[in-house]
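In: what follows is a predicted protein model with its sequence.
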Amino acid sequence: MRIDIFRTSIAGTVIVAALLAPSLVVAQVVEQTIRVVEPGGAGMEMPFAPGGQRQFKTGTGRIRGRVVATDSPNPVRRAHVRITGPDIAAKSALTDADGRFDFRELPPGRYTLQASKPGFVSVQYGQTRPFEQGKGIELADQQSIDNANIVMPRGGVIMGRVVDEFGDALPDVSVSAMRQTWSNGRRRLVPSPGRIAQTNDLGQFRIYGLPPGDYYVSATLRSGLSIGDMEVSMVEGAIRTGSFMPSPTEPRSGYGSTYYPGTPNAAEAQKIALAAGQEMSGADFALQPVRLAKVTGIVVGSDGKPVEGAAVTLVPAQRDLAGLLAPTSARSGKDGNFTLNSVTPGDYTLQARSLHMITTTQGDSVMFVRATTMGGPGGADSEFGSTPIAIGGDDVADVILATSKGGTASGRVIFDGAPPASLTSIRVTSVAADPDGPAPGSTGAGLKEDATFELRGLAGARLVRVAAAPPGWTVKSVKLNGVDITDSGADFKPGESVSGLEVELTQRATSVTGTVGDADGSLLKDYTVVVFAESAELWRLPMTRWVSGARPDQEGRFKFQNLPPGAYLAVAVEYLPMGEWGDPELLDRLRSKGKRFTLSDGATETLSLRLTEGSDL
C-alpha cells in the first residue's frame, strides 16, 4: 500500500491532498492524526502534527430545541446544528422531520449553537439581526434546556451575468459577494462567508443565502486549475517527474479581478443593497482584459546556495483580495529557478518557503510529502523569504528571492499557584503582530513535562499566547528576560536564538457579569455589551485583549471572562454587528456613555447597565 500526502500553506490556509490507491479511502482527518483505512479494514493512524491531545469532558446536561423558518411556522428539516463549548469537542446534528435537535451528556458550561442550511442564512441561537453575535446558553450540572429554538431566515440572492469585453459569456468565473467589516485592526472588504458562486456556460451566476445588508460583487477568472486541483496536480507531477515546475504553455492575456458594475478598482465598486430574503437580479458586468505576465527568478538560501523544492507563492498585497484570488504558486527546481505564469497586473508579495520531504514506512511503502511552514515540524531547518513586487503587464525576470532560517525562542511556563496535573496538553503559540505582514502564519510548540518549550521559525514582531490552557487557567503575563511583552510582542531576527521567554498562567481570572435595563428599569434580554479599556492606546494594540463584546445568555445576563486587570468602560447598545466593537472611532463615540469600573487580579465585578439609544452611536 502506498499513500502520498502533500501538505502546504497557501494564503494562511492549510491544504491536505491525498493521492490514494483506488482501494483506499480517507476515513477521517481529526486534529493531529490522519486515519487511513481500507474498505472493511481496521485502518491505521499516523501522526499529523505534534503536541498533546486535549482532554474533553462529559456530563449530565442536555440542550434540545427546534429550528424553524422565519417566514412560516414550518420546521427546517435536515438543518446542520453545531454546538461548541470550552470543555467539549464540537458536536453536530441534523434536524429531524419536525426540525428538532438534541445534544446530551453535556458538562456544565456556556455553549454556542449555530444552524445552517443551503438557501437560508446561517444563524446562531439568539441571533435576531444580520451579522450579530448569538446568545450563549448557560448550562448547569444536570440541567435540561428544552426550548433552545433557532429561527432561520431565508437568504437573499444576487443574480447576474459576467461577460468579456465583446459581450460574450464567460463561464467558470468565481463571483463573490463582499461586505465591509472591522477585522484585524482596520476596516476591510471581505467575502461573505461561504458565498462564492461560479458562472455557467451562459455566464450566469447566483449567490444565495445572503443576510440582508450592503454588498459589493467581485468576479475573478482563475487561470488554470482551482487551488485543490492545482495542489494535487503539483504532487502528481512531482511523483511522476520529480519537478514541480508549471507548464510553460500559458496564455499571455486574460482578465483581472473586476467589481460590479465593471471596474478593477474596489474604491469605484457600486454597492448593492439587499433586503431580507430579496432576490436581486441584473448584476451584469464585463471583466476587464489585462496582459498576463511571467515572473522568473531564483530562490537562494541562507547559505548562499540555490534552494531546490521551495514553495514560491505570489500573494496579493491588497489583503482584501487575498481570499478571492488563487495565489500563483510553483516550486523551485534543482538550480533554485522558478517560473510563475499568467500573473495579472497588481502589487504582490513574493514568498518562498523551504519544503521538507519526509518518508515513513509501515508495512508496504507509505510516503509523506510535507511542506513545512515556519514553526511546523522541522521548523528549525525550514526557511522563509519574501519581497514586494509590482506587476504592470510586462514580464519580470531575474528576481532573487533570499530566504533565511527563522529564529528560535526557548522558555518555560510558570503557574500562579499549584500547577495542573498534566502539562503536555498545553501548547504555546506565536502569531504575527501584524496580520497583514508577509508571514502572518502562526507557530506553536507543545509543553514538555518540565514545563519548558521551544518555538521555532520565528520572524518579525510576534505575540506569544497559550492554546488549550487547562480549564480555569489563563495567561497572566508574557515576559522576555524580565521585560513584559504580553501586548507589545517581541521582534525576532532570522536565525537568532533567544532564551528567557516566560509565560505565566493564573487561576485568578477576572469575571464581569451583569444585566441591562431599559429607561424604565425593566430588564432586557436582547442587547450587546461592549467593554473596553479606559485608555485609548490599548484599543489599537495588535490583537488587543482590552476590548470585547458580548451578548446575554438565555436568562438575559452577560458575562466577560479573562480581561486583563485595569480600568474599563462598559456600554450596552441595542445592536452591533459582531467585531464592530474593535473600531476605535466607535469606541471614542461610546466613551462618554460608558460606566467605569476597575478590575484587579481575580476580581469579580457585577454591573447594572442602561441601554444606550441607537442615535448615540
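Out: Nice, thanks for sending it over. Residues are numbered from 1 along each chain as shown.
In: going forward, measure contacts and count neighbours with C-alpha atoms only.
Out: Fine.
In: does residue 65 have beta-bridge partners, and which?
Out: residue 101 (DSSP bridges).
In: tell me, how many residues neighbour it?
Out: A count of nearby residues for residue 65, using other Cα atoms under 10 Å, gives 17.
In: before we move on, what's the pLDDT of it?
Out: Looking at residue 65, its pLDDT reads 97.
In: my guess is residue 216 contacts residue 259. True?
Out: Yes - between residue 216 and residue 259 there is a contact at 7.1 Å, judged by Cα atoms under 8 Å.
In: compare those two (neighbour count), which wins?
Out: The residue with more neighbours, out of residue 216 and residue 259, is residue 259; 28 against 22, by other Cα under 10 Å.
In: contact partners for the more buried one?
Out: Residue 259 is in contact with 216-219, 265-266, 269-270, counting by Cα atoms under 8 Å, 6 or more residues apart in numbering.
In: format those as a markdown table; extra columns: secondary structure.
Out: As requested, the contacts of residue 259 are exported to a markdown table (DSSP: H, G, I helix; E, B strand; the rest coil):
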| residue | secondary structure |
| --- | --- |
| 216 | strand |
| 217 | strand |
| 218 | strand |
| 219 | strand |
| 265 | coil |
| 266 | helix |
| 269 | coil |
| 270 | coil |
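In: and residue 224, what's its pLDDT?
Out: For residue 224, the model assigns a pLDDT of 39.
In: what do residue 216 and residue 259 both touch?
Out: 269-270.
In: of all the contacts of residue 259, which comes closest to residue 531?
Out: residue 216 (31.1 Å; Cα to Cα).
In: could you pick out the longest strand of this protein?
Out: strand 186-198 (DSSP state E).
In: which residues outside the helix or strand following it are in contact with it?
Out: As assigned by DSSP states H and E, the chain's next helix or strand after strand 186-198 is strand 204-210. With contacts defined as Cα under 8 Å, 6+ apart, strand 204-210 is touched by 118-122, 154-162, 171, 175-177, 192, 195-199.
In: strand 204-210: partners in the sheet, and parallel or antiparallel?
Out: According to DSSP bridges, strand 204-210 has these partners: strand 156-163 (antiparallel).
In: and the next helix or strand after the strand it pairs with, what does it pack onto?
Out: Sequence order places strand 174-183 as the next helix or strand after strand 156-163, per DSSP H and E. Helices and strands touching strand 174-183, by 3 or more Cα pairs under 8 Å, 6 or more residues apart in numbering; DSSP states H and E, are strand 186-198, strand 204-210, strand 213-220.
In: these: lowest mean pLDDT?
Out: strand 186-198 - the lowest mean pLDDT of the helices and strands packed on strand 174-183, at a mean of 80.
In: on contacts alone, who are the packing partners of that one?
Out: strand 174-183, strand 204-210.
In: so, low pLDDT: which residues of the stretch 101-250 of the chain?
Out: 194, 222-250 (pLDDT under 70).
In: oh, that last question was meant for the chain, not what I typed.
Out: 1-55, 194, 222-251, 318-327, 355-381, 436-441, 614-617.
In: tell me which residue lies farthest from the centre of it.
Out: residue 520 (41.7 Å; Cα atoms, centre = their mean).
In: nearest residue to residue 413 other than its sequence neighbours?
Out: Nearest residue to residue 413, sequence neighbours excluded (Cα to Cα, 6 or more residues apart in numbering): residue 503, at 4.7 Å.
In: list the neighbouring strands of the strand or helix carrying that neighbour plus their orientation.
Out: Assigned by DSSP H and E, residue 503 belongs to strand 497-506. Partners of strand 497-506 in the sheet, by DSSP bridges, are strand 407-416 (parallel), strand 474-480 (antiparallel).
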